[in-house]
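# A predicted structure for the sequence below; I have some questions about it.
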2 protein chains.
Amino acid sequence: MDDHSRPKRNRPPSMYDVARLAGVSQTTVSFVVNNVTSAAISQETRDRVWAAIHALGWRPNAMARSLRTRHSQTLGLISDEVVTSPYAVRMILGAQEAAWSGQQMLLVVNTSGQRDIEQTALQFMLERRVEGLMYAAMYHHEVTPPPELKLVPVVLVNCFVADRSLPAIIPDEVQGGYTATAALIRRGHRRIAFINEIIPMPALFGRLEGYRQALADHGLPFDPSLVRSCHSNAHDAFAAALSLLERDDRPTALFCFNDKMAMGAYDAIKRLGLRIPQDVAVIGFDNLELIAAQLYPPLTTVELPHYEMGRRAVELLQNLPAGESLPPMQHYLPCPLIERESI
Amino acid sequence: MDDHSRPKRNRPPSMYDVARLAGVSQTTVSFVVNNVTSAAISQETRDRVWAAIHALGWRPNAMARSLRTRHSQTLGLISDEVVTSPYAVRMILGAQEAAWSGQQMLLVVNTSGQRDIEQTALQFMLERRVEGLMYAAMYHHEVTPPPELKLVPVVLVNCFVADRSLPAIIPDEVQGGYTATAALIRRGHRRIAFINEIIPMPALFGRLEGYRQALADHGLPFDPSLVRSCHSNAHDAFAAALSLLERDDRPTALFCFNDKMAMGAYDAIKRLGLRIPQDVAVIGFDNLELIAAQLYPPLTTVELPHYEMGRRAVELLQNLPAGESLPPMQHYLPCPLIERESI
DNA sequence: CTTTAAGACTAAAACGAATTACTAATTCGA
DNA sequence: TCGAATTAGTAATTCGTTTTAGTCTTAAAG
């Protein structure tokens, strides 16, 4: 044979190599591999092709395929800190598993909040022709993403833009606050303190509103002196809890803005020789397994639905008619109650 | 003009579109974009080309480029549970940032330990022609990865194969145990208890060996009764700590297998009315910010170098001469001491 | 015996870049 | 003033697929 028939050495086999070995055309190999029904290929030939494929260890070249089909089978996730934060790794997981079941891969870039990284990350993803983009934030807040984001279907996760002009998936903070408070009320508590975050953010306002709504709905008065604000760490929450519990009419339950603060509250309660939940009930927020499950007694808390947000985001992008972009809907996901033993 | 000169609607512009607008050939556009020095293109023409690029909003198609250059600019990371575990999200971060600085993207798939997912994930990555693969485990242990892994340069992260035939990046458990123990000895402690993990794993043996070496090096006797084993959770560690501290000759320092267990130890110490670190010093392992920084007093601990492992893994893959695979070296990374206030 | 219709394939043209091998017009040196 | 060198660029091929539009047999129908 002449020159061109020798196998091109040291590169993965292509359909041509398979075709040559099977004694058919490359087109036929393609038809066999993709099970194209409109093409009539005899069973015999199919078998020969598959045999050749296995013999050579051929596997499709996704780049070539994507180039031709104009489908990259890829979604992108740009996050500020999500990946590092144990708060939200579940979001990545949810997104990845959903992408996975749609035969897509997830491209993840963490920007550490740096604008320039964000920009180049976005360029990278656009160059790779991602079929959809998620722009995610570590904690629920307002963002101003780069405008190029709109070149491709996009959904915000755990964040939103001021004018709500982009679709977003965010936790229902009000419902979360309501759920936590109502759970305590259901256990018979009437004096429920709330140790809230002090830095203004949607979670602060939302959970407070939920707290007030739950009280109102159950005919309980709202007592502003039962609401304390401090930075969301165990140490400051320790002090806040202490001051609340040293009052004569001490509350019988503590609703903490998050699990870290609940950790501080636990310390304060134990320090005062009180028992959880007999003397004081505690409920947290976030459901950080690491803390909530390790505390004694295990902490009842409200979960931020990170996994669900990641999953939903991908699903929205996947069910999109080709070429269109998502309507700017704001999807509020419920924060479920995770019952353990602290209330 | 005839038919083929009209722009192909509703798809991103290609180099041909740019070329047409700038009045040059596609080749010239390519030369300008890639700054090919061997080609002589006048400054005037370069400017025209760039102007056209900006006018059209052209950006390279990574799939086409990769197909031609046979470089996917992509690395893959297959992990069992790493992504979900707050233990090791830093590994992903380290890998991603290193990949990033090498102009590569990271493809991450979490298998949840399921063999079939692992298999398809691997196929996916091979189809995408990743230039290197990382196979990572949630906790340091022996693995048996699928054989196809060897079709591409690969490095194990936080795990190893029985015959050490694959390169691996793993934490130096012995050094970690030594570091923790030596830190306590340096603070004057002589009776140092060790609350160890009970399920056999490299960390258990390594840290114990480090503990013994440190004692020996400082002329201290090894007292088996000061070593307790239990499951690595706060609750069991609480009990273990309590039993150690209720002895007449109670130890003055507790080395805990990990931070979760240190959390239980804290509870035990506080329950007995003892102070940290004045009455009992505590040192942990893992450096889970979430726990270590929130505990009171903040926990001194030894860090598992997850970020560093991720980074190193990518660097090894990047510095590989084309076509070769990594020598099966086992890279032991040191576990640094993170000083806070508990010793 | 000729036409039609399956049946079983194949040739060739995309997809969007990178790259090699030219061409045409100047400029330079002797 | 002639050939060589330089400058400025282009045509054509390639990467590995998918897909459209055929081609060539053979069998059935009329």
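Good, I have the coordinates. What you see is a predicted model; the values in this text were computed from it and never measured. Numbering: from 1, shown residues only, chains lettered A, B, ... in the order given.
# show me where the stretch 151-300 of chain A has strands.
Counting by DSSP state E, counting those that start in this stretch, the stretch 151-300 of chain A has strands at residues A:154-160, A:168-171, A:192-197, A:227-230, A:253-256, A:281-286, A:300-303.
# What strand or helix carries residue A:317?
Residue A:317 is part of helix A:306-318, with elements assigned from DSSP states H and E.
# Tell me the helix or strand right after that helix.
Next along from helix A:306-318, by DSSP H and E: strand A:330-333.
# Walk me through which strands the next helix or strand after that following strand pairs with, and which way each runs.
Next helix or strand after strand A:330-333 toward the C-terminus (DSSP H and E): strand A:337-338. Note on strand A:337-338: by DSSP bridges, its sheet partners are strand A:300-303 (antiparallel).
# For the strand it pairs with, which outside residues touch it?
A:176, A:179-180, A:183, A:259, A:262, A:282-287, A:292, A:335-343 (CB atoms under 8 Å, 6 or more residues apart in numbering or on different chains). Where you see a C-beta, it was placed from the backbone N, CA and C, and this is true even at glycine.
# State the distance from residue A:291 to residue B:12.
Computed with CB to CB, to the nearest Å, the distance linking residue A:291 and residue B:12 is 46 Å.
# Of those two, which one has the most company?
residue A:291 (29 against 16; other CB atoms under 10 Å in any protein chain shown).
# is it true that the more buried one touches residue A:263?
Yes - the pair residue A:291 / residue A:263 is scored as a contact, 5.7 Å apart, by CB atoms under 8 Å.
# so what's in contact with those two at the same time?
With CB under 8 Å, 6+ apart as the test, residue A:291 and residue A:263 both reach residue B:294.
# What is the burial count for the residue in the stretch 101-250 of chain A that DNA strand C sits nearest to?
Nearest to DNA strand C in the stretch 101-250 of chain A, going by CB to the nearest atom of the strand, is residue A:127, at a distance of 8.2 Å. A total of 16 residues lie near residue A:127 under the criterion other CB under 10 Å.
# and what of residue A:140?
20.
# The strand or helix carrying it vs chain B: in contact?
Remark: residue A:140 resides in strand A:132-142, with elements defined by DSSP H and E. No - Strand A:132-142 stays clear of chain B (CB under 8 Å from any CB of the partner chain), getting no nearer than 11.9 Å.
# what's the spacing between the residue lying closest to residue A:189 once chain neighbours are set aside and DNA strand D?
In this structure, residue A:189 finds its nearest non-sequential neighbour in residue A:253, 4.1 Å apart by CB to CB, 6 or more residues apart in numbering or on different chains. Distance of residue A:253 to DNA strand D, computed by CB to the nearest atom of the strand, to the nearest Å: 61 Å.
# One more: residue A:219?
64 Å.
# Also residue A:24?
Applying CB to the nearest atom of the strand to residue A:24 and DNA strand D gives a distance of 12 Å.
# what about that residue, neighbour count?
Count around residue A:24 with other CB under 10 Å applied: 19.
# does it sit in a helix or strand, and which one?
Short version, using DSSP H and E: residue A:24 is in no helix or strand.
# residues in contact with it?
Contacts of residue A:24 (CB under 8 Å, 6+ apart): A:45, A:48, A:49.
# Around DNA strand D, which positions in the stretch 1-150 of chain A sit nearby?
Selection of the stretch 1-150 of chain A residues close to DNA strand D by CB under 7 Å from any atom of the strand yields A:8, A:11-12, A:14-16, A:26-27, A:30-31, A:33-34, A:36, A:39, A:58-61, A:64-65, A:67-69.
# Drop anything exposed from the residues you listed.
A:14, A:15, A:30, A:31, A:33, A:58, A:59, A:60, A:61, A:64, A:65, A:67 (16 or more other CB atoms under 10 Å in any protein chain shown).
# could you pull out the helices for the stretch 151-300 of chain A?
Secondary structure of the stretch 151-300 of chain A (DSSP state H, counting those that start in this stretch): helices located at A:173-186, A:202-217, A:234-245, A:259-271, A:289-292.
# Residues in contact with the shortest one: which ones?
For helix A:289-292, the surrounding residues in contact (CB under 8 Å, 6+ apart) are A:86, A:259-260, A:262-263, A:284, A:286, A:298-299, A:301, A:338, A:340, B:86, B:260, B:288, B:290-291, B:294.
# same check, this time on the longest one
Contacts of helix A:202-217 from elsewhere in the structure, counted by CB under 8 Å, 6+ apart, are A:139-142, A:170-182, A:185, A:192, A:194, A:196-198, A:221-222, A:227, A:229, A:255, A:257, A:285.
# try it again with 7 Å
Contact partners of helix A:202-217, identified using CB atoms under 7 Å, 6 or more residues apart in numbering or on different chains, comprise A:140-141, A:173-178, A:181-182, A:185, A:194, A:196-197, A:222, A:255, A:257, A:285.
# go on, stretch A:113-127?
Contacts of stretch A:113-127 (CB under 7 Å, 6+ apart): A:76, A:78, A:80-81, A:107, A:109, A:111, A:133, A:146, A:148-149, A:151-152, B:59-62, B:105.
# Return a PyMOL selection command for the buried portion of these.
Written as a PyMOL command, the selection of buried residues from those, which uses 16+ other CB under 10 Å, is:
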select buried, (chain A and resi 76+78+80+81+107+109+111+133+148+149+152) or (chain B and resi 59+60+61+62+105)
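# rewinding a little: how about the nearest residue to the residue of the stretch 101-250 of chain A closest to DNA strand C, chain neighbours excluded?
residue B:62 (4.4 Å).
# Contact residues of the stretch 51-200 of chain A facing chain B?
For the stretch 51-200 of chain A, the contact set with chain B under CB under 7 Å from any CB of the partner chain comprises A:59-64, A:66-67, A:72, A:83-84, A:86, A:89-90, A:92-93, A:96, A:105-110, A:123-124, A:126-129.
# Can you flag which of these belong to helices?
A:62-64, A:66-67, A:89-90, A:92-93, A:96, A:123-124, A:126-127 (DSSP state H).
# Which residue in those has the weakest pLDDT?
Minimum pLDDT across these is recorded for residue A:89, with 80.
# how much space between it and residue A:108?
Residue A:89 is 11 Å from residue A:108, by CB to CB.
# Could you do residue A:180 as well?
From residue A:180 over to residue A:108 (counting by CB to CB), the distance is 31 Å.
# Looking at the two, which is more packed in?
residue A:180 (29 against 26).
# any idea how far the nearest residue to residue A:138 once chain neighbours are set aside lies from residue A:90?
Once flanking residues are discounted, residue A:138 sits nearest to residue A:81: 4.0 Å by CB to CB, 6+ apart. Residue A:81 sits 14 Å away from residue A:90, going by CB to CB.
# again, but for residue A:330
Residue A:330 is 21 Å from residue A:90, by CB to CB.
# So for these two, which residue has more residues nearby?
With neighbours defined as other CB under 10 Å, residue A:330 and residue A:90 compare such that residue A:90 has more, 23 against 12.
# surely that one meets residue A:304?
No - between residue A:90 and residue A:304 there is no contact under CB atoms under 7 Å: 8.8 Å.
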